[in-house]
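Participant: Mind folding the following:
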Amino acid sequence: MKKLFLKHKKNLMIMAALLIAAAGITAYLINFSAEPEAPEEEDEGRLVEVAELSYAPVSLTVEARGYISSTRSIQILSRVAGQVENPPGALKSGTAVKAGDVLVHLDDQSIRNSLALARVQLIQATASLLSALKTDSSDTVYQRWQEYLRELNSHENQIPPLPETKTERELLLTSTYGILSAYYTARDRETQLSYYRVTAPFDGYIVGDGVESGSFVTAGQTLLTLTDTVHLEVAVPLTRDQMLLLDENKTGAFIKPAGLPGGRALTAERVRQDGVMDSSTQTINVHLRFDNPEAYPLLLPGNYAEVKLQGITLDRAYSIPRALLNADGTINVYDRGKLVFLPVETAAVQGDSVILKPTLPDGTGIILTRLQKPFPGMALKKEVAVP
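Facilitator: Residues are numbered from 1 along each chain as shown. As a prediction, this is how the structure comes out:
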């Protein structure tokens, strides 16, 4: 019994010693943790790039899209009836022609015979007149009409104009011997003969297949369509706000294929504008003229083009990236280490930029860094933007 008591007593003493040791360790830890910690560094805020607002002249541009068309595209009609004698396939779409090239050649044998007969009749009338003038007029009058007869006998030449009649007697004789009637008949046949060869009035391309070789055409029938692909126009619909930005003294513009970044650009000139606004779109067509001598395919008639027109110059304005303009019409401004939102007025939107009117004072700190979830009073740290 005594041994059991001593054993329990020994165990109690060991437990007490352990408790005392644990208490000492706990006290030490509490005292160590209570020592003052080094203060955390104060949060200096988000680092942002800031530019000082400084107004300067800004030249505006007006950007829009338009449809390209030819300045000259005509349907060529036949003035006379006849059979087409062109080589087969000569009038196919896309064929390039030069001004003066024969487009359509009709069978002209009948009109050639009529012209030859009219020329013979004029020669006979002139010879009869010379017989009368030889004995009844001066040598000068006779020589003039003799030279005219010599020209008529040259079949390589067109019907020459009549000599000038200088006296009433000479005029009476030309009428008596049928000179005037024969002359105008021959000239009429000559004019009709020219209608059997249809020539190109300008350089261009045939659009759509023309009449087939061997076919018979009637007077007034469409032979083909000829389009000028060098001298072109583009009609650009502009809103009223865009029209107000145009500089009337600057007519220059640039044209490039629509939807093609980095595509070839050509210079153009603003030549006119419609006198009536489209009521459905509230736009006015402004017409630009440009040349495409190399036949650049993406700027041929039928394409859409992007256009930049020269606009007015604002004396005091400031340009910022479009992404820096908030949805509520404000911009982010740095003010003594804090973020503030200030309202601005825009003069125009130029591509990815917004042109600001002088509504804020010079020197205002414009934040160029895009902020995630900005709020008024957000702590900021300024990094001066390099101009």
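
Participant: pull the longest strand from this protein.
Facilitator: Ranked by residue count, the top strand of the chain under DSSP state E comes out as strand 304-321.

Participant: Which elements pack onto that one?
Facilitator: With contacts taken as 3 or more C-beta pairs under 8 Å, 6 or more residues apart in numbering; DSSP states H and E, strand 304-321 sits against strand 56-70, strand 231-239, strand 252-257, strand 283-291, strand 346-350, strand 353-356. Glycine gets a C-beta too; all of them are placed from N, C-alpha and C.

Participant: Return the list of strands paired to the fifth one, each annotated with direction.
Facilitator: The strands beside strand 346-350 in its sheet (DSSP bridges) come out as strand 353-356 (antiparallel).

Participant: Equivalent analysis for the third one, please.
Facilitator: The sheet places strand 252-257 alongside strand 266-273 (antiparallel), strand 304-321 (antiparallel), with pairing taken from DSSP bridges.

Participant: and of the ones you listed, who's closest to Val207?
Facilitator: Among the strands paired with strand 252-257, strand 304-321 comes nearest to Val207, with 18.7 Å by C-beta to C-beta.

Participant: mind showing which ranges of the chain have poor pLDDT?
Facilitator: In the predicted model of the chain, residues 1-44, 135-138, 156, 384-387 satisfy pLDDT under 70.

Participant: ok, now which ones touch the residue sitting nearest the centre point of it?
Facilitator: Taking C-alpha atoms, centre = their mean, the centroid of the chain lies closest to Ile255, which sits 4.0 Å from it. Counting by C-beta atoms under 8 Å, 6 or more residues apart in numbering, Ile255 touches 234, 265-268, 288, 290, 299, 305-307.

Participant: Could you save the helices and strands packed on strand 304-321 as JSON lines and add columns showing distance to Gly178?
Facilitator: Below are these laid out as JSON lines (distance: least, C-beta to C-beta, whole Å):
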{"stretch": "strand 56-70", "distance to Gly178": "49"}
{"stretch": "strand 231-239", "distance to Gly178": "49"}
{"stretch": "strand 252-257", "distance to Gly178": "62"}
{"stretch": "strand 283-291", "distance to Gly178": "53"}
{"stretch": "strand 346-350", "distance to Gly178": "77"}
{"stretch": "strand 353-356", "distance to Gly178": "80"}
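
Participant: And these: which comes nearest Val141?
Facilitator: Closest among the helices and strands packed on strand 304-321, once you apply C-beta to C-beta, is strand 231-239, at 51.2 Å.

Participant: Just want the angle from the longest strand of the chain to strand 231-239.
Facilitator: 50 degrees (axes from the mean of the first three to the mean of the last three C-alpha atoms, to 10 degrees).

Participant: host element of Gln146?
Facilitator: helix 139-152 (DSSP states H and E).

Participant: Which elements pack onto that helix?
Facilitator: Helix 139-152 is packed against helix 109-136, with contacts defined by 3+ C-beta pairs under 8 Å, 6+ apart.

Participant: what comes up buried for the helix it packs on?
Facilitator: Judged by neighbour count (16 or more other C-beta atoms under 10 Å), helix 109-136 contains these buried residues: 111, 114-115, 118-119, 121-123, 125-126, 129-130, 133.

Participant: for stretch 182-196, same thing?
Facilitator: 182-183, 185-187, 189-190, 193, 196.

Participant: Strands - which of those residues land there?
Facilitator: Per DSSP E, the subset of the buried residues of stretch 182-196 in strands is empty.

Participant: would you turn these into TSV with distance to Asp274?
Facilitator: Compiled in TSV, those are given as follows (distance: C-beta to C-beta, whole Å):
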residue	distance to Asp274
Ala182	53
Tyr183	50
Thr185	49
Ala186	49
Arg187	44
Arg189	46
Glu190	44
Leu193	43
Tyr196	41
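
Participant: What about the residues you listed, which are in helices?
Facilitator: Among the buried residues of stretch 182-196, DSSP state H puts 182-183, 185-187, 189-190, 193 in helices.

Participant: List just the nearest of the residues you listed to Leu162.
Facilitator: Taking C-beta to C-beta as the measure, Tyr183 is the one of these closest to Leu162, at 5.7 Å.

Participant: So the closest one versus Lys92, what's the distance?
Facilitator: 42 Å (C-beta to C-beta, to the nearest Å).

Participant: likewise Leu172?
Facilitator: From Leu172 to Lys92 the distance is 57 Å (C-beta to C-beta).
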